[in-house]
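Chemist: the following block contains a protein sequence and its predicted model.
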Amino acid sequence: MHLLWIYLRPHRRLAALALLLAAASQVLALIDPIIFGMIVDDYAIDRAGKTDDELVSGALWLLALAVLVAVASRLAKALQEYVTRLIVQKFGTQIFNDGLRQTLRLKFQEFEDMNSGEVLSMLQKLRSDSERFINSFINTVFAALVGIGFLIWYSVTKHWALVPVFLIGVLVLGGLTGLLSREIKSQQRSIVRETNRSSGFISESLRNVELIKSLGLTFTEIRRLQAQTMAIFALEMRKVKRIRLLSFLQGTTLSLLKLSILFALLWLIFRDVLSTGELIAMQFISVAIFAPLQDLGNIILAYRETQASFANFAALMAKPIERRPASPVEIGPLTDLRFSDVSFRHKGAVDNALDGVDFSAGLGDTIAFVGPSGSGKSTLVKLLVGLYTPASGQVFYNDISTKDLRYNEARRQIGFVTQETYLFAGTIRENMQFVKPDASDTEIREALEQAACGPLLDKSPAGLDTLIGERGMKLSGGERQRLSIARALLRQPRLLIFDEATSALDSITEERITETVRSISARSNQITILIAHRLSTIMHAGTIFVLEKGRIVESGGHAALLERKGLYYAMWRQQIGERRSAAA
């Protein structure tokens, strides 16, 4: 919970104001029973020697004072709730934003091991739990503590024997609460963990609903998700049993405490220490203070839930993030890049995914990387854009090591087209402006034309305002890929990367997009890197690098590699054979 105080520290003045208002509201509210007791003693029981006018005027004066006190208490309470709400909103917004910021800054290898649905669920629960706890603490716990202090002060002014009665009751109540809340803490951690996992499962199911329905797995998936929610239900019910036991013991203790106080008050009346009005006042005060403590079980639960959520948040904030160099070197416009003896190994892997890779490319060059599945092509791209950090060797941009530059400055000069098109729910314009927010409609249309997306606009009456659905579900595979290419071209990149950009498409669409890629590469105003499994899409590349088990085993032009009759030749023969078989 140390993080809770860290995030509350910037709002400590507002918190102090909220506590001051809560204390004022509670004290004013507890003055009301004292005034009522004075009315009973002075104008209901002890009327001797007072005229009717004196009785009426005196009672009215005390009632007017009671009204004034009640209005002041309500006003302080309203202001306190507003300030408290302001604190929890600022607190919740800051902690949620910090969690998102941390998640997006994580090293990509850390992010690969996470589930986005779990992260979102964790941050949302952290925000709601912490807001509920802060509200409960100020409105119930702190107000009750102020009330107990007021009651003890008032008791001391009447008779010392009342103080032990209150203190013993509070200590017994606190001991029972602490004893049972330890078990609630461990159960709550399990619930938070399983709830986050469930959120991850549900997010994945909704994201892959097309596959689930297509394979007839709807009810299988429903049963899987129901099993997960039933596991959470079982944990919740175990927790509820503990909470209900705690509430029962607390309620019983409070009832005994109130009866003990009543007996002590009656005993003091028998000894002529207290008056009837003072007994009534103290009974009202004790009920007003201890009644909210019956919800102490819910407050302890809020504390334990917040504690478990903060433990998960602390684990997220402790994960390593991408850090910029202390004194970064300005890279300027990108003109060349180079891999120098680069090796990389995935977490938990036995062998290197890339091993001693060397290559270079300059402005106007088109190079390609091919190889069997698992040869390291995708890993190479992730190293190129800084998602992975080399285990050994270095990557250079403009002869500056990526260790010495701000990667985001270089990334803003990159256009990236991947096998899986990452489109967002919204319009064509919004998806294009994602990479260049200030792009005009003219610039967007030019990029779309360069990517041969003209037909997409022609068939859509709404033009750039056409909604494409979540992940572009309203578009065909070829349209999604062309839109992805257009988005990459919109920022006029100095480095253009096509990572298996056509591998998921049919042969006709593949041929059309390959022609688009060739025409873009032919302009020679950027470095173009092609990653492909299908060799027909990279034949035009100036240099083709053949990867096998993380090493470059061949390099050269298409014709030269065929003449060498090595791995490239074998892959070419296999793919040509597959095409002929498919044609037959």
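Modeler: Yep, that arrived.
Chemist: so where's the stretch 151-300 of the chain shaky on pLDDT?
Modeler: Counting by pLDDT under 70, the stretch 151-300 of the chain contains low-confidence residues at 158-163, 165-217, 239, 242-244, 246-247, 249-251, 254, 288-298.
Chemist: distance of L567 relative to S555?
Modeler: Per Cβ to Cβ, to the nearest Å, L567 is found 11 Å from S555. To be clear about C-beta, it is placed using only N, CA and C from the backbone, and glycine gets the same treatment.
Chemist: between the two, what contacts are shared?
Modeler: Common contact partners of L567 and S555 (Cβ atoms under 8 Å, 6 or more residues apart in numbering): V546.
Chemist: using the three-state scheme, assign the closest residue to D341 other than its chain neighbours.
Modeler: Leaving out its chain neighbours, the residue that sits closest to D341 by Cβ to Cβ, 6 or more residues apart in numbering is G393, at 3.9 Å. Counting by DSSP: H, G, I helix; E, B strand; the rest coil, the backbone at G393 sits in strand.
Chemist: ok, G393 - contacts?
Modeler: The neighbours of G393, taking Cβ under 8 Å, 6+ apart as the test, are 339-343, 356-357.
Chemist: again, but for A439
Modeler: Contacts for A439 (Cβ under 8 Å, 6+ apart) come out as 432-433, 490.
Chemist: doesn't it fall inside a strand?
Modeler: No - counting by three-state DSSP, A439 is located in no strand; its state is coil.
Chemist: and the gap between the residue nearest to D341 and I531?
Modeler: G393 sits 19 Å away from I531, going by Cβ to Cβ.
Chemist: what of V357?
Modeler: 13 Å.
Chemist: overlap in contacts, these two.
Modeler: With Cβ under 8 Å, 6+ apart, V357 and I531 have common neighbours L380.
Chemist: ok now stretch 94-103, how far from the chain's centre?
Modeler: From the chain centre to the centre of stretch 94-103 is a distance of 6 Å (Cα atoms, centre = their mean, to the nearest Å).
Chemist: for the remainder of this discussion, apply numbering that starts at 24.
Modeler: OK, 24 is where the count begins now, so the last one is stretch 117-126.
Chemist: what comes up buried for it?
Modeler: For stretch 117-126, a neighbour-count test (16 or more other Cβ atoms under 10 Å) marks 118-119, 121-122, 125-126 as buried.
Chemist: and what of stretch 96-106?
Modeler: Quick answer for stretch 96-106 (16+ other Cβ under 10 Å): 96, 99-100, 102-104, 106.
Chemist: let me know the closest of those residues to L291.
Modeler: S96 (27.7 Å; Cβ to Cβ).
Chemist: what about the closest one, distance to V50?
Modeler: Going from S96 to V50 by Cβ to Cβ gives 8 Å.
Chemist: V540 now?
Modeler: For V540, the distance to V50 (Cβ to Cβ) stands at 76 Å.
Chemist: T276 falls within a helix, correct?
Modeler: Yes - per three-state DSSP, T276 lies within a helix segment.
Chemist: now A384: which helix or strand?
Modeler: strand 377-385 (DSSP states H and E).
Chemist: meant to ask about V94, not that
Modeler: Mapping V94 onto the secondary structure by DSSP H and E places it in helix 75-128.
Chemist: right, and the helix or strand after that helix?
Modeler: Next in sequence after helix 75-128, counting helices and strands by DSSP H and E, comes helix 131-135.
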